[in-house]
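Undergrad: Using only what follows, build the 3D model:
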Amino acid sequence: MSTLVRWNPAFRVRPWQRVAARHFGALAPHWDSRVAMPLDIEENEDNFIVKASVPGFTPEDLRIEVEDGVLTIRAEHASEDEQEREGWHLRERYSGAVERRLRLGKDVNSEAIDAELEHGVLTLTLTKVEQAKPKLIKVKVK
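TA: Below is the predicted model:
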């Protein structure tokens, strides 16, 4: 299966991102890497668990949706002071939106996704469909 990935000139410098995108089905983020939303993805017998770092965002700032087999996590908030003013020496805290997209496999039930936010970490639990869960076959003794 091939994945469409937005061209990023930094990929020439960081080939490991191409490998990760190819193997995990992650769509390349379209924002500057300085404000990217880092993810951890793990799998157990019943679920996929996605953890996204979204420090400073509230549940109202987050939008999670599934469309055409793509999970989109979007976090957006406005700056405390959008207007230019004198006196600033440094402004690095990000305001605006960040978004991350993941292509879901056929083994994910898109109707059964749970989302929790705690201490700046968004945890999504994606339930596997019954067919994707491993089946234990018992060996009988004769």
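
Undergrad: okay, and the helix or strand of the protein with the least pLDDT?
TA: helix 15-24 (a mean of 54; mean pLDDT, DSSP states H and E).

Undergrad: Could you look up the next helix or strand downstream of that one?
TA: For helix 15-24, the following helix or strand on the C-terminal side (DSSP states H and E) is strand 39-43.

Undergrad: Run through who's touching that following strand.
TA: 24, 26, 48-53, 100, 102 (CB atoms under 8 Å, 6 or more residues apart in numbering). Placement of C-beta: from N, CA and C, glycine included.

Undergrad: ditto for stretch 134-142
TA: Outside stretch 134-142, the residues touching it (CB under 8 Å, 6+ apart) are residue 45.

Undergrad: Please list the residues outside the strand ranked longest in the chain that contact it.
TA: Ranked by residue count and defined by DSSP state E, the top strand of the chain is strand 108-118. For strand 108-118, contacts defined as CB under 8 Å, 6+ apart pick out 48, 54, 57-59, 62, 64, 66, 69, 71, 104, 122-129, 132.

Undergrad: Who does that strand pair with, and is each partner parallel or antiparallel?
TA: Its sheet considered, strand 108-118 pairs with strand 121-128 (antiparallel) by DSSP bridges.

Undergrad: Buried residues in the strand it pairs with, which are they?
TA: Within strand 121-128, the residues that qualify as buried by neighbour count (16 or more other CB atoms under 10 Å) are 122, 124, 126-128.

Undergrad: Could you dump the residues you listed into a markdown table with distance to residue 139 and pLDDT added?
TA: As requested, the buried residues of strand 121-128 are exported to a markdown table (distance: CB to CB, whole Å; pLDDT from 0 to 100):
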| residue | distance to residue 139 | pLDDT |
| --- | --- | --- |
| 122 | 42 | 96 |
| 124 | 37 | 96 |
| 126 | 32 | 93 |
| 127 | 29 | 91 |
| 128 | 25 | 87 |
